[in-house]
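J.: Build me a model:
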Amino acid sequence: MGGFMKKRFLPLILVSLLLITGLPVALSEPVFESDSYADDVSDGVDFNTCFTGNMLVPTPMSMDVVTVTFTMAETLDAQPILVISSTLASPPLPHESYTFEYGFDIDNDPNTGANESECFYNGLGVDYDIGLEVFMGSIEYTWIDKYEEGEWVNLDSPDAYVDENTVTVEFPIDTFGLPLNTTVMVYLINEGGLDMAPEYGEPPLVVQFYHLPEAHVEPVTVDEGTPFELDASASVSLNGPVVLYEWDLDGDGIYEESHQDSILPLLYPDDGVHMITLKVTDEEGFSDIDETTITILNTPPYATDITYVGELIEGEELTFTGTAMDLGDDELTFMWEFGDGETAEGPEVTHSFSVSGEYSVRLSVTDDDGDEATESKVINIETPTTTEEPTTTEDPTTPTGETPVDEEPEPEPRIDPLLIVLVAIFGIGGWFIYNFITKGAKKPPKKKEEEDKEKDFCEEHPEIVEAEEKACWDAQMDLDSTVGDIQDQYDDALPRWQANAADMGRLITEWDANKAMINYWTGVEEGITEDAESVQEIAGIVSNAAGKAKTILEEGGEAALKEFAEDKAKEIGKSVLGDISSTIGQVLELEGWAVRTIGLGIAKGLTGVDPKGNAVNLRKKADPLMGDLVSWVSHSEAWNSGRRPPDTVDSCIDETTRMLGALDDALKNFEDAVKDFVCITCEIPEHIQQEIDTLRKNLEKWKDTFEKLKEEIEKRLEEAKALFRKKELYESPYEYLDKAQDNIDRVNRALNR
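T.: Next up, the predicted model:
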């Protein structure tokens, strides 16, 4: 038989294959693994199987093999070779001859290779036969035969030698090619007797040769708060492409990130040194790890600025506000020096200068690592102006009602300077602006004596009226400017909020649809009834659509299925959106995205014929969906998602809250500026008040929307933990152990639980 069947048969007592574990080695060196085998030597018969015709019959045999060991070695030119050593219990007699043969079923297919008779080949289809014959204590000849087209073809002669009671044969591993996963039978033939290991009816031995992949990732040094990438593209495998890159980012032995892409975007918000472990797995399932260090450098604050509110007059209180940015999440300390020996601490402080003059106000901003940035602003404090009361001395010689010769004539009626300025700028339209501004400058109802007294005072002090009118104008203009700035911020943020809300709404809709289909395929009625009403509704939509989807696909093809899918996606989307916010319903525009992101996937899922397989595939689809949901409640996950800026639902809530706070501050500043007026009442112009009311309504609506979205996302993430615990949604126990807890831990970190 080229090796088999044309040599003499000898008995085989014991075959024991040593198990050598696959430790990490260089790519040029293969790794070896095999099953171990031991014969029962207590039966008193050495190699007690004899092959006669197509029968296996017991026959006492004189030779006893103790072990057969498969190992690896290298030639001088570093080529890997397979070494098979067979050791007998005692050296054979000088005149004894015997043969060892090793049958390899490379493709693990009993229908290929040599396989007759079945009892001899033990269910294998032997593709290669490696053998040697010993005659009178020396190697007579060796062979490597391959079974091709029903014939044994000789390929080569391996090296072999005898050392007392051990016979060794060695040949290049690439005779078979790598990676190799083969089953093996071992035969000893002598004096017409035959034994084989494992014995007939037992599973054959499994022998593997493969290369370990080589994981490789470079160390990184980067500033805090700065996005960067870990690059594992230098990782290689001789077995085939690397198909999985896993990352342990905190040294706890758990791989938080798992991707098919070799590039991992990251951002660390604070300085520090982090040990990172990369695990790569090739398409044959073999893995290797590499470790590296990420050094995150602290950066000082930047974009430091000083602003102030108040009049630069001696003794007047000024409010100073300091702003600064920091790439990291560092806590910033603000220290002020006002140039007059006084200091203060905090982002917003008040100070008054008791003496007029020029002062350099200095702000120092320090992060919690001690790095500092400074900013200075020069201000000029002026002396307050005073208006002297005119003194008149009545000349007793002057007749009553007559004007003294040396006195000034009575002044003409005063024209408001504000009116002059407005008319000069706007022409006749200035009259209307003036009337609009001063229309509200009315005094509140007072008692007649108070009115008369105040009227007399204001008439006697026109400069106060003029100052209050100017201050009213300034306060109204400041309010209008501030509200305009907030409106600009809102207008800039609105497209991003709409896109963010659309993405969150899409994810919620897709998650609910995916979960409902999982429940549909697995028949988990409890999961449906325990869910929110919207999910029950989705489950009903999915169940009712199943039969129709299959019919449409068979009769009209994918184009018809696509149209059907759009309707189902809209139906599902509306059932979910009704529970969140009317704002989202306006933003998402379901007609535009439903068919692309949800509908067709739902419809195709409904046409499947393998409920278990569909449920497992849907769970796999739930993995990235969960990751996308997590990115909306975790800042670091938002960075990793590639979203720029790295918005989260909390950052959107904070942004709306900040704008509402700025609106409240603007109104308070206006009230503080006009509350002490004596001669006029200064009110907010109607058009500004309308703008404020509309802006506040929009901001509160968006804040409410994002708060509801946060609740809904957190609810789905809690559902995700329950989903990932279902073992029936994994292809194997290994996949369950490898994926389930990782996903659950990732959700818990995002929810801070």
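J.: Now do the SS call for the nearest residue to Lys279 once chain neighbours are set aside.
T.: Computed as Cβ to Cβ, 6 or more residues apart in numbering, the closest residue to Lys279 that is not its neighbour in sequence is Glu246, at 4.3 Å. Placement of C-beta: from N, CA and C, glycine included. Following DSSP: H, G, I helix; E, B strand; the rest coil, the label given to Glu246 is strand.
J.: Same question for Gln689.
T.: Counting by three-state DSSP, the backbone at Gln689 sits in helix.
J.: Could you do Asp742 as well?
T.: Per three-state DSSP, the secondary structure class of Asp742 is helix.
J.: Isn't it up against Ser258?
T.: Yes: at 7.1 Å, Asp742 counts as touching Ser258 under the criterion of Cβ atoms under 8 Å.
J.: thinking again about what came up before, doesn't Tyr255 make contact with the residue nearest to Lys279?
T.: Yes: using Cβ under 8 Å, Glu246 makes contact with Tyr255 at a distance of 3.9 Å.
J.: that older thread, count the residues that sit near the residue nearest to Lys279.
T.: When neighbours are defined as other Cβ atoms under 10 Å, Glu246 has 22 of them.
J.: got it, and Leu717?
T.: Here the number of neighbours of Leu717 (other Cβ under 10 Å) works out to 21.
J.: what's the spacing between the helix or strand where it lies and its chain's center?
T.: Assigned by DSSP states H and E, Leu717 belongs to helix 686-724. Chain-centre distance of helix 686-724: 23 Å, with Cα atoms, centre = their mean, to the nearest Å.
J.: and that helix, which residues are buried?
T.: Residues 688, 691-692, 695-696, 698-699, 702-703, 705-710, 712-714, 716-717, 719-721, 723-724 are the ones in helix 686-724 that count as buried (16 or more other Cβ atoms under 10 Å).
J.: what residues does stretch 358-375 touch?
T.: Stretch 358-375 has contacts (Cβ atoms under 8 Å, 6 or more residues apart in numbering) with 271, 298-302, 304-306, 308, 320, 322, 324, 326, 328, 330-340, 353, 376-381.
J.: End to end on it, go ahead and measure it.
T.: In stretch 358-375, first residue to last residue: 17 Å (Cα to Cα, to the nearest Å).
J.: Give the rounded mean pLDDT of it.
T.: Averaging pLDDT along stretch 358-375 gives 93.
J.: What residues of that stretch count as buried?
T.: By neighbour count with 16+ other Cβ under 10 Å, stretch 358-375 contains the buried residues 359, 361-367, 369, 371, 373, 375.
J.: now stretch 182-193
T.: Those would be 182-191, 193, for stretch 182-193 by 16+ other Cβ under 10 Å.
J.: hmm, back to that, list the helices and strands the helix holding Leu717 packs on?
T.: Applying 3 or more Cβ pairs under 8 Å, 6 or more residues apart in numbering; DSSP states H and E, we find helix 686-724 packed against helix 462-522, helix 582-588, helix 611-630, helix 649-674, helix 733-751.
J.: Nearest to Thr69 among the ones you listed would be which one?
T.: Among the helices and strands packed on helix 686-724, helix 733-751 comes nearest to Thr69, with 29.7 Å by Cβ to Cβ.
J.: Which elements pack onto the closest one?
T.: With contacts defined as 3+ Cβ pairs under 8 Å, 6+ apart, helix 733-751 has these neighbours: helix 611-630, helix 686-724.
J.: show me where pLDDT drops low in the stretch 301-450 of the chain?
T.: Counting by pLDDT under 70, the stretch 301-450 of the chain has low-confidence residues at 386-450.
J.: Asp330 and Asn298 touch, don't they?
T.: Yes: counting by Cβ under 8 Å, Asp330 does reach Asn298; the two are 7.5 Å apart.
J.: Quick check: phi and psi on Thr166?
T.: Dihedral pair for Thr166: phi -120, psi 130, per degrees, to the nearest 10.
J.: The closest residue to it other than its chain neighbours bridge partners, please.
T.: In space, not counting the residues next to it along the chain, Thr166 is nearest to Thr87; the distance is 4.6 Å by Cβ to Cβ, 6+ apart. Under DSSP bridges, the beta-bridge partners of Thr87 are Thr67, Thr166.
J.: Please list all residues in contact with the residue nearest to Lys279.
T.: Counted by Cβ under 8 Å, 6+ apart, Glu246 has contacts 255, 257-258, 278-281.
J.: switch to 7 Å and redo it
T.: 255, 257-258, 279 (Cβ atoms under 7 Å, 6 or more residues apart in numbering).
J.: from those, which two are the most distant?
T.: Farthest pair in the contacts of Glu246, by Cβ to Cβ: Glu257 and Lys279, 10.4 Å.
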